[in-house]
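Visitor: I would like the atomic coordinates for the input below:
(2 chains)
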Amino acid sequence: MTRGAGLRHVGRAIIAWLVVLGMMLPFLWMVLGSFKTARDFLSFPPVWLFRPTLHNYAEVFADNAFLRYVLNSTIVAAGSTGLGLLLGIPAAYAMARWRRTAMGVVLLAARMAPGIAFLIPIFVACLELHLVGGYTSLIASHLIFTLPLAVWMMVGFIEAVPVEIEQAALIDGCSVLGTLVRIVVPLTRQGIAATAILAFIASWNNFLFALVLSNDATKTLPVAILGYIGYNSIQWGALMAAASIITIPVLALALCVQRYIVRGLVSGAVTG
Amino acid sequence: MVALVWRQMVQIASPRRRVRRRNWTPDLLLAPALVAIAAVMGFPLVYLCYMSLHKWSLIGYAAPAFVGIDNFTALLADDRFVQSLFRTLYFTALGLATNLPAGLGIALLLNREFFGRDVLRALLIFPMVATPVAMGLVWVVMLDPSLGIVRYLFKLIGVANPPLWLSDTNWVVPTLVLVDAWMWTPMVALICSAGLAALPVEPFEAATVDGASAWQRFRYLTLPLLMPILLVAVMLRLMDLLKVIDIVYVMTGGGPGHASETINLYNYLVALSYDKIGYGSAVALVLFALVLLATLCLIRLRRAT
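Guide: This next block holds a predicted model:
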């Protein structure tokens, strides 16, 4: 390598670091802001060094409703993830091993359709059935993206399992369902875990469906956080603390499934 | 991975029927999922079509009245709808114009091994997985015209009076595009990155031996070889940009005035705030058709090249 090429290489690395770290500024600003007092928050130019306070977090958790919203988000995300996997894994098995492609059309339709196209009729139907505000409607509506996501991810994971193992099990008299439960599921458990995390994140982050289908008691976190922006006052510090509490678990979970994130996003939760 | 998506989409766009004796086992495995899909996706879409042909309101006791395609013809005369349509197209065009070069640029930066590259790759996933509503609000704080850090950063580089961002009718859409780009450029970058890693080495070696410059190698080798994967990224971004709503809803609510109202947001307001369910259903169908059309055009384009 010549000296010029070496310098270029270092230059390129430095630019890459600067660009990516620059993109992390909103996260830094969110976390810093969550530890600032109102006075530090409102000072201009912005302060980088300050005496941190836990006051904002105390304020967020002092509101009993906030814990309720955390619970709501967890219930809805866990419910729609569990149901999505339960329905999606057998479907993915059928698609991977018997080349059933009809489901592909569904996956593509789910990727393209705007959420609102499902939301309006679901809202009207739920009103009729008195389901608005219940967990049922929230979990069922989130299936619109967790199920296609589960099928999409699991087809790939199941295809990676050598088919001979299943054939051996079938020859030994194991039923197809037995093969699925005893052979395929244990062999793809890492993939299942990754899929579960991605579906959980998609549901946790969903805003529009929860906005329309929840009520005060079943509100999920993305809807609840809007409460910190009032008509005449914004509770800046509490807003940043709540944003941190909502976001940081997602970032931690996402790191565990780094390799699969793009694949998950390609299949795509309904994004709007 | 990306190739897989592509194959699947192309397969779907060009179905081949195979005649074979039917084995029912896989159908039984598919059945529960299909029932669920019929309930949460199939039925709503059929119902949506039905509602779009009616004058329908939830408040009051007026029964839905059949109006044929009146809702669709009314759309053409609805200035707010037409404006939101063009605004969405503007948003989408700006989005693609920023996401693709930036994403490709980041992918090229990450293409060579260097200290901490894997760390940067990991960090890149943060903007796209973080809860969009929460990050939208963080951006609102950062962009605040009086105390925001963005104003401070502009001051540092000597711009004393930057635009008012979200409060300026001309700047609000570009500002929202910027926030959207912050969230989704990493996806484009990681898709391109996977594509770059899969490129064959020989043509580049040959070109270097023949004395091609870095720019020539990029222009005549990297870009054409990467085109199929770039088109996948374009398609994904296109679908999502046409549907953008979350960040618009929380950051501006469509304002100031209607200056940032996208179709999807207008759709939400009409149907669920103004209680014009039938009319809103028609808007939703038009939006769906728009995304469908754009995607199919891209698939055609891909097959033509």
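Visitor: So what does residue B:54 look like in phi/psi?
Guide: Main-chain torsions, residue B:54, degrees, to the nearest 10: phi -130, psi 160.
Visitor: brain fart, residue B:169
Guide: phi -60, psi -30.
Visitor: how about the nearest residue to it, chain neighbours excluded?
Guide: Distance criterion C-beta to C-beta, 6 or more residues apart in numbering or on different chains; nearest residue to residue B:169, sequence neighbours excluded, is residue B:259 at 4.0 Å. No exception for glycine: its C-beta is placed from N, CA and C like everyone else's.
Visitor: so how many other residues sit close to that neighbour?
Guide: Around residue B:259 there are 18 other residues, counting by other C-beta atoms under 10 Å in any protein chain shown.
Visitor: show me the contacts for it.
Guide: B:169-170, B:172-173, B:252 (C-beta atoms under 8 Å, 6 or more residues apart in numbering or on different chains).
Visitor: For the stretch 151-272 of chain A, which segments are assigned as helices?
Guide: Using DSSP state H, counting those that start in this stretch, the helices of the stretch 151-272 of chain A run over A:163-171, A:176-179, A:185-187, A:189-205, A:208-213, A:221-224, A:236-256, A:261-267.
Visitor: and residue 237, how many neighbours does it have?
Guide: All of this refers to chain A. Residues near residue A:237, counting by other C-beta under 10 Å: 24.
Visitor: Wait, chain B was what I had in mind.
Guide: 24.
Visitor: Same check on the one 4 residues further on?
Guide: Around residue B:241 sit 26 other residues, with neighbours defined as other C-beta under 10 Å.
Visitor: Regarding it, which helix or strand does it belong to?
Guide: helix B:223-242 (DSSP states H and E).
Visitor: ok, residue 84 - contacts?
Guide: All of this is about chain A. Neighbours of residue A:84 in contact, by C-beta under 8 Å, 6+ apart: A:143, A:146-147, A:149-150, A:199.
Visitor: actually it's chain B I care about, not the one you picked
Guide: B:258, B:261-263, B:265-266.
Visitor: Show me the two of those that sit farthest apart.
Guide: B:258 and B:263 (11.8 Å; C-beta to C-beta).
Visitor: higher neighbour count, these two?
Guide: Using other C-beta under 10 Å, the more surrounded residue of residue B:258 and residue B:263 is residue B:263, with 27 against 16.
Visitor: Against residue B:116, how distant is the more buried one?
Guide: As judged by C-beta to C-beta, to the nearest Å, residue B:263 and residue B:116 stand 41 Å apart.
Visitor: Show me which helix runs longest in chain B.
Guide: Criterion DSSP state H: the longest helix present in chain B is helix B:79-109.
Visitor: what's next to the next helix or strand after it, contact-wise?
Guide: Remark: after helix B:79-109, the chain's next helix or strand is helix B:117-124, criterion DSSP H and E. With contacts defined as C-beta under 8 Å, 6+ apart, helix B:117-124 is touched by A:13, A:16-17, A:20-21, A:23-24, A:255, A:258, B:106, B:110, B:186, B:189-190, B:193.
Visitor: pLDDT check: weakest of those residues?
Guide: Least confident of the contacts of helix B:117-124 in the model: residue A:258, at 86.
Visitor: mind checking the longest helix of chain A?
Guide: Chain A, longest helix under DSSP H: helix A:64-98.
Visitor: residues in contact with residue A:190?
Guide: Per C-beta under 8 Å, 6+ apart, neighbours of residue A:190: residue A:157.
Visitor: Could you tell me which ranges of the stretch 51-200 of chain A sit under the pLDDT cut-off?
Guide: Of all residues in the stretch 51-200 of chain A, none has pLDDT under 70.
Visitor: list the contacts for the closest residue to residue A:53 other than its chain neighbours?
Guide: Spatial nearest neighbour of residue A:53, chain neighbours left out: residue A:37 (5.2 Å); criterion: C-beta to C-beta, 6+ apart. Neighbouring residues of residue A:37 by C-beta under 8 Å, 6+ apart: A:50-51, A:53, A:55, A:237.
Visitor: which of those residues tops the neighbour count?
Guide: Neighbour max across the contacts of residue A:37 (other C-beta under 10 Å) = residue A:237, 24 neighbours.
Visitor: For the nearest residue to residue B:143 once chain neighbours are set aside, grab the count of nearby residues.
Guide: Among residues not flanking residue B:143 along the chain, residue B:165 sits closest, at 4.5 Å (C-beta to C-beta, 6+ apart). The burial count assigned to residue B:165 is 24, neighbours taken as other C-beta under 10 Å.
Visitor: my read: residue B:165 touches residue B:142, true?
Guide: No - if you go by C-beta atoms under 8 Å, residue B:165 and residue B:142 don't touch, sitting 9.5 Å apart.
Visitor: mind listing what the closest residue to residue A:77 other than its chain neighbours touches?
Guide: Nearest residue to residue A:77, sequence neighbours excluded (C-beta to C-beta, 6+ apart): residue A:203, at 4.0 Å. Listed by C-beta under 8 Å, 6+ apart, the contact set of residue A:203 reads A:76-77, A:80-81, A:142, A:145-146.
Visitor: Mind pulling the model confidence for residue A:203?
Guide: 94.
Visitor: on that earlier part again, give the helix, strand or coil label for the residue nearest to residue B:169.
Guide: coil (DSSP: H, G, I helix; E, B strand; the rest coil).
Visitor: mind checking how far it is from chain A?
Guide: Separation of residue B:259 from chain A (C-beta to the nearest C-beta, to the nearest Å): 19 Å.
Visitor: from the middle of its chain, how far away would stretch A:96-109 be?
Guide: Taking the mean of its C-alpha atoms, stretch A:96-109 sits 23 Å from the chain's own mean (C-alpha atoms, centre = their mean, to the nearest Å).
Visitor: That stretch and chain B in contact?
Guide: Yes - among the residues of stretch A:96-109, A:97-98, A:100-109 lie within reach of chain B under C-beta under 8 Å from any C-beta of the partner chain.
Visitor: Save the residues you listed as JSON lines, and put in neighbour count and distance to residue B:224 too.
Guide: Shown next, in JSON lines, are those (neighbours: other C-beta atoms under 10 Å in any protein chain shown; distance: C-beta to C-beta, whole Å):
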{"residue": "A:97", "neighbour count": "21", "distance to residue B:224": "37"}
{"residue": "A:98", "neighbour count": "15", "distance to residue B:224": "37"}
{"residue": "A:100", "neighbour count": "17", "distance to residue B:224": "36"}
{"residue": "A:101", "neighbour count": "15", "distance to residue B:224": "30"}
{"residue": "A:102", "neighbour count": "13", "distance to residue B:224": "35"}
{"residue": "A:103", "neighbour count": "21", "distance to residue B:224": "34"}
{"residue": "A:104", "neighbour count": "18", "distance to residue B:224": "28"}
{"residue": "A:105", "neighbour count": "13", "distance to residue B:224": "31"}
{"residue": "A:106", "neighbour count": "20", "distance to residue B:224": "34"}
{"residue": "A:107", "neighbour count": "24", "distance to residue B:224": "29"}
{"residue": "A:108", "neighbour count": "21", "distance to residue B:224": "27"}
{"residue": "A:109", "neighbour count": "17", "distance to residue B:224": "31"}
